[in-house]
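>>> only geometry, no sequence info:
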């Protein structure tokens with residue numbers, strides 16, 4: 001996943017497809033065979049936004065585990081970009097969202113914490129555990145070794 005930032009705004013995707021339909025998320029996707037996470041981040045950003053990014057900063061990792069078919073390991077990157085009108089996207093609608101508005105929009109339960117770590121410049125290793133209905137049961141920040149949800 002790539003958090004695209006311009007000043008105090010993030011360019012987020014309001015998803016039109018599962019998972020997280022209708023929620024705002026960073027752009028991103030799955031690794032292709034023999035692809036490094038950083039290369040996948042650049043490729044997915046270009047595919048979903050048309051934006052070529054070169055300045056990627058590694059922020060951390062999020063692991064999500066459930067007994068349902070929802071098990072992911074996401075490498076999270078940050079890229080500071082110039083402001084541009086949100087481009088069209090096949091995955092949903094891209095929108096600029098101010099940091100101050102993040103708590104008022106629908107997001108996956110893990111993402112607000114990720115944004116907080118990014119704003120604070122803190123590297124993270126988050127482990128999220130869900131039930132069968134994909135309700136977040138707990139989340140641990142593994143670097144600090146403490147539960148954060």
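Sure, I can see it. None of the values given here were measured: they were computed from a predicted structure. Numbers count the residues shown, from 1 in each chain.

>>> any idea how far the most centrally placed residue in the chain is from residue 49?
Residue closest to the average C-alpha location in the chain (C-alpha atoms, centre = their mean): residue 26, at 4.0 Å. In this view, residue 26 and residue 49 are 11 Å apart by C-beta to C-beta, to the nearest Å. For the C-beta atoms, the positions are set from N, CA and C on the backbone; glycine is no exception.

>>> does the residue nearest to the centre of the chain really touch residue 2, like I thought?
Yes: here residue 26 reaches residue 2: they are 5.7 Å apart, a contact under C-beta atoms under 8 Å.

>>> List the residues that are in contact with both of those two.
Common contact partners of residue 26 and residue 2 (C-beta atoms under 8 Å, 6 or more residues apart in numbering): residue 76.

>>> Could you pull out the helices in the protein for me?
Per DSSP state H, the chain carries helices over the ranges 37-49, 111-120.

>>> Mutual contacts of residue 26 and residue 49, please.
Counting by C-beta under 8 Å, 6+ apart, the residues touching both residue 26 and residue 49 are residue 4.

>>> Please enumerate the strands of this protein.
Counting by DSSP state E, the chain has strands at residues 2-6, 9-15, 24-25, 57-65, 72-80, 88-89, 92-98, 124-130, 136-141, 146-147.

>>> how far out from the middle of the chain is the third one?
Counting by C-alpha atoms, centre = their mean, to the nearest Å, strand 24-25 is centred 7 Å from the centre of its parent chain.

>>> swap in the fourth one?
Here strand 57-65 shows a centroid-to-chain-centroid distance of 9 Å under the convention C-alpha atoms, centre = their mean.

>>> mean confidence for that strand?
Averaged across strand 57-65, pLDDT comes to 98.

>>> tell me the angle of it relative to helix 111-120?
Using axes from the mean of the first three to the mean of the last three C-alpha atoms, to 10 degrees, the direction of strand 57-65 lies 160 degrees away from that of helix 111-120.

>>> who does strand 57-65 pair up with?
strand 72-80 (antiparallel), strand 124-130 (parallel) (DSSP bridges).

>>> mind listing what the closest residue to residue 30 other than its chain neighbours touches?
Once flanking residues are discounted, residue 30 sits nearest to residue 40: 7.4 Å by C-beta to C-beta, 6 or more residues apart in numbering. Contact analysis of residue 40 by C-beta under 8 Å, 6+ apart lists 28, 29, 30, 31, 32.
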